[in-house]
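J.: all I have is the shape, not the residue letters:
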């Protein structure tokens, strides 16, 4: 007898439906086909123990399990439940006719309990597209899948519970999540706020400009100056996630298995801060079983690289293409997978190995050429993609102990949103361009036109400060954002002057 049901396989951040077929007939042994990986091949032992725990038995006849399409590699332990119920149906231990109506997935423990699985959200979205009645899955994954409307999400805790539902012995109340209500109630919920930061007003201003224009930023300063503290608060002033962005971000975290237990929807912009020992595969994604990397997990949010020169050169260089294209492509011999990578890069670094070059009070003890060699660990092409270079100086005792009221993240975010609205209107005819930082070079001259006084200032800056040619476009883009924050249609001299000061690492002789 042959039984069929359905599961799902994740491909990138999307899913496709997999048919699970089981045939029980004359002969002996257990066979599995359809390019299963080791985790699926080992499911025989988990299923046998789980069936025994639920008072069923594993057929001793010839049992063939096929996962179709058979030419696509299947990975993970999520097919345990669908294979188990198919075996029961094919061996006539149950008589249900509902197997074809549902996507059925879950990992079985030896005692028949169900463990959570990865990639539930994209599988649920695909199930709704293909008009399945519902999705039977582990209870821990139910809220994650329930943000997909028009699909019955049926949480089960054990194999026995799933079988009893399919046979009509029990009913299960579908889990329902009001996606818009969850999104509205939790959007912009952060544990940090800029009001906690005393002093550093110039750095706050730089981060406001970065948030308003979507610019990448690097902060250079001595240890303890507050670089990490400021970076962690950058997501709090970014525009709120839209519902579509929240769904896209949640899909990526679902595929990577990074959603917490009983999580439903990511409503705050991600902030990822990998350690400097990270590998290039962990940063951009990939591996034998391709998974999204840190740059994709920070999609629609912030990727913070602390102590930038300490990262391996190869790790930093693999970011260059994703930073331009806003996505990363993982190519293998038989498959090519795209992951979104629309993130803001925020980096921090000490100005030298000892940390005190250009310090107002402490003396740098690094020898001649060491500072330059330290900074040269960061390549020119990578710096070319960072618009704002900000020098951070330590906060004085008087500033730390002052009781003056500082701006909250909400107040700063309001100005950022107004500037982003101006940019959204400016680029409404341009697909895939949403902010000033995304402008290609051919648009800069048109959008960032400056008057004669502005050209004279730029010329003087290039000559006197020794700014490199690559700084020119970046200054224009940043000055356009400064003008947007001031609600000015044209770029004025003061906007250019503020943008010029954010090119520290382009100045000749900065590193001694």
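T.: Cool, the structure landed. Not measured: the values here are computed from a predicted model.
J.: stretch 137-151: how far from the chain's middle?
T.: 21 Å (Cα atoms, centre = their mean, to the nearest Å).
J.: ends of that stretch, how far apart?
T.: End-to-end span of stretch 137-151 (Cα to Cα, to the nearest Å): 13 Å.
J.: and the contacts of that stretch?
T.: With contacts defined as Cβ atoms under 8 Å, 6 or more residues apart in numbering, stretch 137-151 is touched by 103-107, 114-117, 120-121, 123-125, 127-128, 132, 134-135, 153-157, 174-177, 179, 182, 247, 250, 254, 259, 261-265. Backbone N, C-alpha and C define where each C-beta goes, glycine included.
J.: low pLDDT regions in this structure?
T.: For the chain, the stretches with pLDDT under 70 are 262, 333, 397-401, 469-470, 506-512.
J.: middle-most residue in it, spatially?
T.: Among the residues of the chain, the one closest to the centroid is residue 297, at 2.1 Å (Cα atoms, centre = their mean).
J.: ok, now which ones touch it?
T.: Residues in contact with residue 297, defined by Cβ under 8 Å, 6+ apart, are 252, 253, 256, 258, 270, 272.
J.: let's see which of these end up in strands.
T.: residue 272 (DSSP state E).
J.: could I get the contacts of residue 297 as TSV with distance to residue 431 and neighbour count?
T.: Formatted as TSV, the contacts of residue 297 follow (distance: Cβ to Cβ, whole Å; neighbours: other Cβ atoms under 10 Å):
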residue	distance to residue 431	neighbour count
252	22	26
253	26	22
256	28	19
258	30	16
270	24	21
272	27	19
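J.: what's the closest of the contacts of residue 297 to residue 313?
T.: Nearest to residue 313, judged by Cβ to Cβ, of those is residue 272 at 20.5 Å.
J.: not counting sequence-adjacent ones, nearest residue to that closest one?
T.: residue 298 (4.1 Å; Cβ to Cβ, 6 or more residues apart in numbering).
J.: correct me if wrong: residue 383 contacts residue 503.
T.: No. Under the criterion of Cβ atoms under 8 Å, residue 383 lies out of contact with residue 503, with a separation of 10.0 Å.
J.: who's more crowded, these two?
T.: Comparing residue 383 with residue 503 by other Cβ atoms under 10 Å, the one with more neighbours is residue 503, at 24 against 20.
J.: ok, that one - contacts?
T.: Residues counted as contacts of residue 503 (Cβ under 8 Å, 6+ apart) are 389, 465, 467, 471, 474, 475.
J.: for it, list each beta-bridge partner.
T.: Counting by DSSP bridges, residue 503 is bridged to residue 389.
J.: measure it to residue 497 for me?
T.: 12 Å (Cβ to Cβ, to the nearest Å).
J.: hmm, what's the outermost residue in the protein?
T.: residue 26 (50.0 Å).
J.: just the helices in the stretch 301-450 of the chain please.
T.: For the stretch 301-450 of the chain, applying DSSP state H, counting those that start in this stretch gives helices covering 313-317, 320-325, 370-375, 380-383, 397-401, 409-426, 441-447.
J.: give me the contact list for the strand ranked longest in the chain.
T.: When the chain is parsed with DSSP E, its longest strand is strand 14-25. Residues outside strand 14-25 that contact it (Cβ under 8 Å, 6+ apart): 1-9, 59, 61-69, 72, 74, 79, 82-83, 86-87, 89-91, 103-104, 119, 122-123, 125-127, 130.
J.: gap between the residue nearest to the centre of the chain and residue 275?
T.: In this view, residue 297 and residue 275 are 14 Å apart by Cβ to Cβ.
J.: same question for residue 204.
T.: If you go by Cβ to Cβ, the gap between residue 204 and residue 275 works out to 26 Å.
J.: neighbour count winner among those two?
T.: Between residue 204 and residue 275, counting by other Cβ under 10 Å, residue 204 is the more crowded of the two (18 against 11).
J.: buried ones in stretch 146-155?
T.: Buried residues in stretch 146-155, counted by 16 or more other Cβ atoms under 10 Å: 146, 147, 148, 151, 152, 153, 154, 155.
J.: sorry, slip of the keys, the one I care about is stretch 112-121.
T.: 112, 113, 114, 116, 117, 118, 119, 120, 121.
J.: wait, doesn't the second one sit right on residue 157?
T.: It stands for residue 113. Yes. Counting by Cβ under 8 Å, residue 113 touches residue 157, with 6.4 Å between them.
J.: just the terminal-to-terminal distance for stretch 257-269.
T.: 17 Å.
J.: what comes into contact with it?
T.: Outside stretch 257-269, the residues that reach it (Cβ under 8 Å, 6+ apart) are 116, 118-119, 140, 142-144, 146-147, 177, 179, 182-183, 186-190, 235, 238, 241, 246-247, 249-250, 253, 297, 300-302.
J.: which of the residues you listed are buried?
T.: Among those, those classed as buried by 16+ other Cβ under 10 Å are 116, 118-119, 140, 142-144, 146-147, 177, 179, 182-183, 187-188, 235, 238, 241, 246-247, 249-250, 253, 297, 300-302.
J.: so of the residues you listed, which ones are in strands?
T.: Using DSSP E, the buried ones among the contacts of stretch 257-269 in strands are residue 302.
J.: spatially nearest residue to residue 229 (excluding sequence neighbours)?
T.: The shortest distance from residue 229 to any non-neighbouring residue, by Cβ to Cβ, 6+ apart, is to residue 197 (6.6 Å).
J.: the one you found and residue 207, how far apart?
T.: The gap separating residue 197 from residue 207 is 10 Å, by Cβ to Cβ.
J.: mind listing the shared neighbours of those two?
T.: Between them, residue 197 and residue 207 share the contacting residues 230, 233, judged by Cβ under 8 Å, 6+ apart.
J.: give me the more crowded residue out of these two.
T.: Neighbours were tallied for residue 197 and for residue 207 using other Cβ under 10 Å; the higher tally belongs to residue 207 (25 against 19).
J.: how much space between residue 291 and residue 255?
T.: Distance, residue 291 to residue 255, by Cβ to Cβ: 7 Å.
J.: the more surrounded of these two?
T.: Ranked by neighbour count (other Cβ under 10 Å), residue 291 and residue 255 place residue 255 first, with 27 against 20.
J.: how about the contacts made by the residue nearest to residue 365 when sequence neighbours are not counted?
T.: Leaving aside its chain neighbours, residue 365 sits nearest to residue 354 (5.1 Å; criterion: Cβ to Cβ, 6+ apart). Counting by Cβ under 8 Å, 6+ apart, residue 354 makes contact with 364, 365, 366.
J.: the helix or strand containing residue 128: how far from the chain's middle?
T.: Assigned by DSSP states H and E, residue 128 falls within helix 120-129. Taking the mean of its C-alpha atoms, helix 120-129 sits 19 Å from the chain's own mean (Cα atoms, centre = their mean).
J.: what of stretch 51-69?
T.: Between the centre of stretch 51-69 and the centre of its chain there are 38 Å (Cα atoms, centre = their mean).
J.: residues in contact with that stretch?
T.: Identification of contacts with stretch 51-69 by Cβ under 8 Å, 6+ apart yields 7, 18-36, 40, 47-48, 74, 79, 83-84, 86-88, 90-91, 93, 110-112, 158-160, 163.
J.: may I see the buried residues of it?
T.: 51, 53, 54, 56, 58, 59, 63, 64, 65, 66, 67, 68.
J.: and that stretch, end to end?
T.: Stretch 51-69: ends 26 Å apart by Cα to Cα.
J.: residue contacts, residue 152?
T.: Going by Cβ under 8 Å, 6+ apart, residue 152 touches 133, 134, 135, 174.
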